[in-house]
Each structure stands twice: as structure tokens, then as C-alpha cells.
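Enquirer: Structural data only, the sequence is not supplied:
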């Protein structure tokens, strides 16, 4: 069986390549979409009693699928963006500008991979890996994957940190894109 850490890092590299091809401005919007999804999940779970009761009484597989569906839909909407360079007034004329766009896109793409795949992995871990052991098992204690779990986005991006992340994201959108 392949380790979760190998899958995790493979997806981060894949998202970095996608980010390099798309550019930093589009990847920034994807990042903000994922942060917004995390914010909505946190707020709804904490402040809407009906949802928190339903989630605590539902089966772990349903919880995982719902959380993963929400975060994935927001990421897909983030990836479905217009030509942001035209909106932001950015013109990539020199090779240096294109290199900067490529490098920043790769860095932000890797961050998006970390946010998206790390969040889904966190939800998988939180629900106790609710699928058959034929497909996957929880990482063993001391394994690299078990160490990575402590650094996944929802672990350190809880309440109130998510509030600051949303505020910073919207400030950047207003300053850069509007």
C-alpha cells in the first residue's frame, strides 16, 4: 500500500505545476476560495446547532464526504476564473515578468495543493478513515504520515485564525484585484 505522505507530496508537486502554468493571480483566487470554504465549514459547525447535531449523529463516511464535497466545490469554483491579468491590469511583457509569474504561480499552487489535499486528509483522519481497510488504513504512530497530520490546515487554521485569514484574503482581493 502506498503511504499517505507520498500521495500528499505528489499532489503538492502536481498543484505546483498547475500553479506555474496558470500564474499567481489565478492561484491566489483559488487559495482564497479554499480559505472561504474552511471558514464556512468552521462557522456552520460552530454556530448552527442543527448542523452540528446532524454532523455528530451521522455516520463518519457521510461526514467525510460532505466536508470533502464542500471544500472541493469551492476549489473548483476558484479554478474556474476569468482572465485575471486583464482584471488586475497586469501585463507580462518581459521574460522577467513571466518568470516571476511562473515562480509565484508554482509557490501558490503548491500552497493550494497543501490546503486542499491536506484538508481532505484531515477530514479523513478526523472521521477515523471510514472506508474499508482494503482501500486505506490509518498511518502508524511514528510514521512520516502521522507526523504530517499535526500540520494539516484545519489543525492550525481553526477559530479564530480562520477569521483573520478571511479578513486578510478579502483585503488582498480589494487591494489587488479591484
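Expert: Great, that's in hand. Model, not experiment: these values are computed from the prediction.
Enquirer: just checking, residue 107 touches residue 16?
Expert: Yes: judged on CB atoms under 8 Å, residue 107 makes contact with residue 16 at a distance of 7.4 Å. In short, each C-beta sits where N, CA and C put it, glycine included.
Enquirer: For the two, indicate the residue with more neighbours.
Expert: The neighbour comparison of residue 107 against residue 16 (other CB atoms under 10 Å) goes to residue 16, with 21 against 15.
Enquirer: what helix or strand is the more buried one on?
Expert: In the assignment (DSSP states H and E), residue 16 maps to helix 4-22.
Enquirer: residues of whatever helix or strand comes next after that helix that come out buried?
Expert: Proceeding C-terminally, helix 4-22 gives way to helix 24-47 as the next helix or strand, assigned by DSSP H and E. The neighbour-count check on helix 24-47 (16 or more other CB atoms under 10 Å) flags 24-39, 41-42 as buried.
Enquirer: Could you list the low-confidence segments of this structure?
Expert: Across the chain, the ranges flagged by pLDDT under 70 are 1, 82-93.
Enquirer: Please, where are all the helices along it?
Expert: Assignment of helices within the chain using DSSP state H yields the ranges 4-22, 24-47, 49-57, 60-79, 84-88, 95-126, 144-149, 153-156, 161-172.
Enquirer: which other helices and strands contact the longest one?
Expert: When contacts are defined as 3 or more CB pairs under 8 Å, 6 or more residues apart in numbering; DSSP states H and E, helix 95-126 sits against helix 4-22, helix 24-47, helix 60-79, helix 144-149, helix 153-156.
Enquirer: between it and helix 4-22, what angle do the directions make?
Expert: 150 degrees (axes from the mean of the first three to the mean of the last three CA atoms, to 10 degrees).
Enquirer: Now helix 95-126: buried residues?
Expert: 101-102, 104-106, 108-126.
Enquirer: So for residue 67, what's the nearest residue that isn't a sequence neighbour?
Expert: Nearest non-adjacent residue to residue 67, counting by CB to CB, 6 or more residues apart in numbering: residue 123, 4.5 Å away.
Enquirer: Could you list which residues are in contact with that neighbour?
Expert: If a contact means CB atoms under 8 Å, 6 or more residues apart in numbering, then residue 123 has 63-64, 67-68, 71, 154 as its contacts.
Enquirer: run the last query once more with 10 Å
Expert: Taking CB atoms under 10 Å, 6 or more residues apart in numbering, we find residue 123 in contact with 41, 60, 63-68, 70-71, 130, 152, 154.
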